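# the following comprises the amino acid sequence and a computationally predicted model.
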Amino acid sequence: MLKFKLMFDHVKKIHFIGIGGVGVSAIARMARLKGIKVTGSDLSMNKMAERIKTIHGKIFIGQKRENITKNIDLVVYSPAITENNPELIRAKELNIPIYSYPEILGLISKDMYTVAVAGTHGKTTTTSMLAELFIYGNLDPTVVVGGLLKKQEDNFVLGQSKYFIVEACEYKESFLNLTPDVLIILNIDNDHLDYYGNIDNVQNAFAKIIAKTKEYIVCDLNDENIDKAIEKAKKINQLAQIIDYNEEEADIKLSIPGEHNLKNAKAAMIVADLVNIEKNNALKILKNYTGTWRRFEFMGNTENGALIYNDYGHHPTEIKATIKAAKEQYPDNKLLVVFQPHLYSRTKLLLNDFAKSFGLADEVIITDIYGSREEFDDSIHAKDLVEAIRLRQGFGGQVKNAQYISAFDEIKKYLELKTRKDDVILFLGAGDVYKIGEGLIKK
């Protein structure tokens, strides 16, 4: 595709800081598949980094100055990387061109017909739905998604048409690098408060991306925060046409559970209509959509016949929706949830909301907080969440047992001992908690 050829025409080697990130790894795969040498670093090896290794990318565990060499033509870094990162500092010393991952997406977006999917929750699922609608609707799109498309087994699809479908992340206002022709806003919630501070600033960020959108804004006008963001956007620029996706009246049938997924599908259907994908064909494509990696993903069965599911949900709203979907699909099965909190700041700021979100689970295990980009904070602990859940027992929830277990191997042993045939084990979190589930799968 011409845009990519022009962007990397004279680039022979790229280094990616934070290459294990879902988004950054997509660009790394794109570069490697074009024949460009790829190196990258991350704090630990994960599934995305392993995928780069399989196509002969070089991965460094740990981020060090010596990973940046003079023969590197370009450095791309994750938004989670801080200014004091040793590789970033070294790249600046060597005057190597440096781009953030959102800036690279912005360069791709600039000259393409861009469909950007924004919102606090549901971005990956909706982007994946759109990818399938465009691919099987014969529109040959380029896609960057924050998960693995099941049928393509990839987080990046290189198309030959003008269409660019991209997951638009609001963290640090990353999505403002994009130039959307069509913008989906699924919802606006109180997340990334470590950066934004309050919901008002979150609305301000969404107002800016709304004001940048050229043709259509597809959103939920029943969402109070979206409504406020639109009003703020009107003060910045004359707005594109606004379409409420709740007005989609097609009889959508999905093979994945959850009311939240039906809303995602309605937004996707609106966009399909805007680009003239025939409605019956679109409905058929959505009916055959089977989800994406780490979004209520069935992993397999344990030796004793319990069902194992994995979900990326790490915000109270996402947790509540996922647990509700699990109970809708398995109303009579015992549901055990293993949750790994993501970020000290999020756990502290939303502690009471987290405590309320597990109400439909029968049993909850909380493991240590996955600090990710944050430094250790001893003012909050996973045990604080366990205590908050216990305090809510008997107040509208069915949680019979909430406990803290630190070691993954201890959680695995506990689940092997305590679960029975047809119990449902749901691993929740944006960290590496899913690895417990991988160890439980019947060989």
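Ah, there it is. Numbers count the residues shown, from 1 in each chain.
# packing partners of the longest helix along the chain?
Looking across the chain with DSSP state H, the single longest helix is helix 259-274. Contact partners of helix 259-274 among helices and strands, from 3 or more Cβ pairs under 8 Å, 6 or more residues apart in numbering; DSSP states H and E: helix 123-136, strand 182-185, strand 216-219, helix 279-287, helix 316-329. All C-beta spots, glycine's among them, are computed from the backbone N, C-alpha and C.
# so Asn204 touches Lys232, yeah?
Yes - with contact defined as Cβ atoms under 8 Å, Asn204 counts as touching Lys232 (6.3 Å).
# re earlier: dump the helices and strands packed on helix 259-274 to CSV, plus mean pLDDT and mean neighbour count.
Below are the helices and strands packed on helix 259-274 laid out as CSV (pLDDT from 0 to 100; neighbours: other Cβ atoms under 10 Å):
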stretch, mean pLDDT, mean neighbour count
helix 123-136, 93, 26
strand 182-185, 97, 27
strand 216-219, 96, 24
helix 279-287, 94, 16
helix 316-329, 87, 20
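# dump these into TSV; add distance to Lys348 as well.
Formatted as TSV, the helices and strands packed on helix 259-274 follow (distance: least, Cβ to Cβ, whole Å):
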stretch	distance to Lys348
helix 123-136	24
strand 182-185	27
strand 216-219	30
helix 279-287	39
helix 316-329	13
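# what about the helices in the stretch 151-300 of the chain?
193-196, 199-212, 224-234, 259-274, 279-287 (DSSP state H, counting those that start in this stretch).
# and the first one, what other elements does it pack with?
Yep, that's helix 193-196 we're talking about. Judged by 3+ Cβ pairs under 8 Å, 6+ apart, the packing partners of helix 193-196 are helix 199-212, helix 344-349.
# which one of those helices lies nearest to Ala282?
The minimum distance between Ala282 and the helices and strands packed on helix 193-196 falls on helix 199-212, with 25.2 Å, by Cβ to Cβ.
# mean pLDDT for the helices and strands packed on helix 193-196: which is lowest?
Note on the helices and strands packed on helix 193-196: helix 344-349 shows the lowest mean pLDDT, a mean of 88.
# Gly18: which of the helices and strands packed on helix 193-196 is closest?
Set against Gly18 and scored by Cβ to Cβ, those come closest in helix 344-349, at 18.8 Å.
# what packs against that closest one?
If you count contacts as 3+ Cβ pairs under 8 Å, 6+ apart, helix 344-349 packs onto helix 193-196, helix 382-392.
# repeat that for 7 Å
Helices and strands touching helix 344-349, by 3 or more Cβ pairs under 7 Å, 6 or more residues apart in numbering; DSSP states H and E: there are none.
# could I get it in PDB with only the CA atoms?
Output of helix 344-349 as PDB, limited to C-alpha atoms (Å, rounded to 0.1, in the frame of the first residue of the first chain):
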ATOM      1  CA  TYR A 344      -1.900   1.300  41.600                       C
ATOM      2  CA  SER A 345      -3.600   4.600  40.700                       C
ATOM      3  CA  ARG A 346      -6.600   3.100  39.100                       C
ATOM      4  CA  THR A 347      -7.100   0.600  42.000                       C
ATOM      5  CA  LYS A 348      -6.800   3.400  44.600                       C
ATOM      6  CA  LEU A 349      -9.100   5.900  42.800                       C
END
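# what's in contact with the top strand by length along the chain?
Longest strand in the chain by number of residues, with DSSP state E as the criterion: strand 142-149. Strand 142-149 has contacts (Cβ atoms under 7 Å, 6 or more residues apart in numbering) with 1, 22-23, 26, 105, 123-124, 127-128, 131, 154-159, 163-167, 292-295.
# what's the answer for stretch 432-443, then?
Around stretch 432-443, the neighbours that count as contacts under Cβ under 7 Å, 6+ apart are 46, 294, 299-303, 308, 310, 338, 340, 367, 408, 411-412, 415, 427.
# quick one: contacts for Ile369?
Residues in contact with Ile369 (Cβ under 7 Å, 6+ apart) are Pro341, Tyr344, Thr347, Ala382.
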